[in-house]
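Trainee: this one's structure only:
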């Protein structure tokens, strides 16, 4: 398995729980050109996993989207949002809803997500 694929697998596991330590790992990945693409691909694979399931955990996807809107750099966020718009599924809609809500948060609420 390639190094990129191993990193993606790590991120996939972290997305499932998305605890503060998991979110910190994503922050570090987005600060690294080398790991940004792996983080983006893992998010896409995570959403695709929900697309292929019999039900969708919309709350988890919205929560991830909201966190991304506040914490991810603009370029990766735009790529993730564009990817999510490409197909209209419940899972992608939930991610986009979270991104939209995260972008519209007031500064006080944004700062709470930045510390998590």
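Mentor: In hand now; what should we look at? If you're wondering where the values come from, they're calculated on a predicted model, not measured in any experiment. Numbers count the residues shown, from 1 in each chain.
Trainee: so the closest residue to residue 11 other than its chain neighbours is in which element?
Mentor: Computed as C-beta to C-beta, 6 or more residues apart in numbering, the closest residue to residue 11 that is not its neighbour in sequence is residue 42, at 3.3 Å. C-beta: built from backbone N, CA, C; applies to glycine. Using DSSP states H and E, residue 42 sits within helix 33-51.
Trainee: next SSE downstream of that helix?
Mentor: With DSSP H and E, the next secondary element past helix 33-51 is helix 58-71.
Trainee: what angle separates that next one from helix 33-51?
Mentor: 160 degrees (axes from the mean of the first three to the mean of the last three C-alpha atoms, to 10 degrees).
Trainee: pull the distance from the first helix or strand past helix 58-71 going along the chain to the chain's centre.
Mentor: Per DSSP H and E, the first helix or strand lying C-terminal to helix 58-71 is helix 74-86. Centre-to-centre, helix 74-86 and its host chain are 10 Å apart (C-alpha atoms, centre = their mean, to the nearest Å).
Trainee: please apply the same query to stretch 23-32.
Mentor: With C-alpha atoms, centre = their mean, you get 11 Å for stretch 23-32.
Trainee: roughly how far apart are the residue nearest to residue 11 and residue 10?
Mentor: For residue 42, the distance to residue 10 equals 8 Å [C-beta to C-beta, to the nearest Å].
Trainee: got it, and residue 21?
Mentor: Residue 21 is 12 Å from residue 10, by C-beta to C-beta.
Trainee: the more surrounded of the two?
Mentor: Between residue 21 and residue 10, counting by other C-beta atoms under 10 Å, residue 10 is the more crowded of the two (17 against 9).
Trainee: and that one, what element?
Mentor: helix 3-17.
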